[in-house]
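Chemist: I'd like to go over a predicted model; first the sequence, then the structure.
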Amino acid sequence: MMEHQDPYVYATFTAAVSYLVSARTRREAIQLAAFRLNESTLRLNQAQLVNDKGEKLTFTVDKVLSLDWTDADFSDFSDRFRVTGNVRMMFRIDTRNESKGSALFGSYKLRKALFDDRTAWTLPTTRDPAFVLVTSQSLEWNNIPIVYGYRLKGVEAKIS
C-alpha cells in the first residue's frame with residue numbers, strides 16, 4: 001500500500017464576527033464593511049489557534065473562502081454600527097514540521113482576550129488592520145490521516 005504523499009493537512013475555519021464602522025445608515029454600514037474587509041483586502045498569512053490545554057498551533061491561511069456581511073445594528077456609540085457576518089478560511093499545516101502527532105487533530109480556537117471572555121481578532125488588510133469580535137468559531141479537519149494511508153510523525157493510519 002502506498003502512503004499519501006501530500007505533507008499538508010487542511011482544515012476549514014468558520015467564524016461569526018462583528019466589525020464596528022462609522023456610518024449614517026445600516027445599509028451604508030454593511031457596504032462600508034464589505035468594502036474595507038473582504039476576500040481581496042484581507043492579508044492574513046497565518047493564524048495561531050489554541051486547544052483546551054492551551055497548546056498553540058500555527059496554521060497557514062491557504063485561502064479565504066468567503067467573507068460575508070449580513071446585518072448591522074446600532075452600537076453603544078452614536079455614529080457607529082456593529083456589522084455582523086461570517087468568515088470561512090482554508091487553513092493548512094505542513095505535517096513535516098509538526099511533532100504533535102495525534103494531538104494535532106484536536107479542537108482548536110482563537111485565543112480569548114486576557115482581560116475579557118471574548119475573542120478579539122486583528123486582521124491585516126491592504127489598508128489598516130481591522131479589529132473584529134469573534135462571537136462563535138469552529139475548525140473542521142478536512143483530511144484526517146485515518147482516511148488515507150498516511151504517516152504523521154508518531155501516528156500511522158492505514159486503510160483496512
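Modeler: All right, it came through fine. Residues are numbered from 1 along each chain as shown.

Chemist: rest of the way, CA atoms for contacts and neighbours
Modeler: Noted.

Chemist: Number of residues surrounding R96?
Modeler: 12 (other C-alpha atoms under 10 Å).

Chemist: lowest-pLDDT helix or strand in the chain?
Modeler: strand 155-157 (a mean of 39; mean pLDDT, DSSP states H and E).

Chemist: For this structure, which residues score under the pLDDT cut-off?
Modeler: Scanning the chain for pLDDT under 70 picks out the ranges 1-5, 97-104, 144-160.

Chemist: Tell me where it has strands.
Modeler: Ranges of strands in the chain, per DSSP state E, are 8-22, 46-50, 56-74, 80-94, 109-110, 119-123, 130-141, 150-152, 155-157.

Chemist: Let me have those in TSV, extended by mean neighbour count and distance to Q31.
Modeler: Shown next, in TSV, are the strands of the chain (neighbours: other C-alpha atoms under 10 Å; distance: least, C-alpha to C-alpha, whole Å):
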stretch	mean neighbour count	distance to Q31
strand 8-22	20	10
strand 46-50	15	26
strand 56-74	17	8
strand 80-94	21	10
strand 109-110	20	27
strand 119-123	16	18
strand 130-141	17	15
strand 150-152	19	45
strand 155-157	15	47
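
Chemist: quick one, which of those strands is nearest to E39?
Modeler: E39 sits nearest to strand 56-74 of all the strands of the chain, at 5.9 Å, using C-alpha to C-alpha.

Chemist: What is the closest one packed up against?
Modeler: On a contact count with 3 or more C-alpha pairs under 8 Å, 6 or more residues apart in numbering; DSSP states H and E, strand 56-74 meets helix 26-36, strand 46-50, strand 80-94.

Chemist: Neighbouring strands of the second one in the sheet, and parallel or not?
Modeler: I take that to be strand 46-50. If you go by DSSP bridges, strand 46-50 pairs up with strand 56-74 (antiparallel), strand 109-110 (antiparallel).
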